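Colleague: I'd like to go over a predicted model; first the sequence, then the structure.
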Amino acid sequence: MPLYEFRCECGAEFERYLPVSGYDTPQECQCGAKARRIISIPTLVVVSPDINYDSPIDGRPITSMAARREDLARSNCTPYDPDIKQDYHRRIEQSERALEKAVDETVDRELSNMPARKREKLEAELNAGLTAEPVRSTAAAKPIVKQVR
């Protein structure tokens, strides 16, 4: 439905959405007087981007926004958004913070469960200059040894 602009003799201006068939229908202002339709510049101008490429998935030519949307849906893809990379890095940082927190909690728990004598020895070694650096690793697989007769 088109948007029409009107101006009243009292100076008020207003807009109304009317069907095309209501183009000539007089409109009343809030003051009750008949308002005149005024001609103005359209507020929304849509410029379609130039689309002309071959789909990287199946090689079909893409020449319109509808074909692009269809290609993205068919390939289960989403349009590129520059913020995706920032979101990805933000998720990695959150994951690393959560891992560091879990490591700290595990170390604290293990230290509190450690026998007093062993904890005193570890504290003495650290005070003497020993440094400890956590290293991320996975448990090594045990080799399978078969006896050959």
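Modeller: Yes, it's here. Residues are numbered from 1 along each chain as shown.

Colleague: residues touching residue 114, list them.
Modeller: Neighbour list for residue 114: residue 122 [criterion: Cβ atoms under 8 Å, 6 or more residues apart in numbering]. Quick note: C-beta positions are derived from backbone N, CA and C, even for glycine.

Colleague: immediately after the longest helix anywhere in the chain, which helix or strand?
Modeller: The residue-count maximum for a helix in the chain (DSSP state H) belongs to helix 83-113. Under the assignment DSSP states H and E, the closest C-terminal helix or strand after helix 83-113 is helix 116-127.

Colleague: contact partners of that following helix?
Modeller: Applying Cβ under 8 Å, 6+ apart, the contact partners of helix 116-127 are 111, 114, 132.

Colleague: Quickly note the distance from the second one to residue 121.
Modeller: So the one you mean is residue 114. For residue 114, the distance to residue 121 (Cβ to Cβ, to the nearest Å) stands at 10 Å.

Colleague: Tell me the one among the contacts of helix 116-127 nearest to residue 81.
Modeller: residue 132 (42.7 Å; Cβ to Cβ).

Colleague: what residue ranges in this protein score low on pLDDT?
Modeller: Regions of the chain meeting the criterion pLDDT under 70 cover residues 42-48, 134, 136, 141-149.
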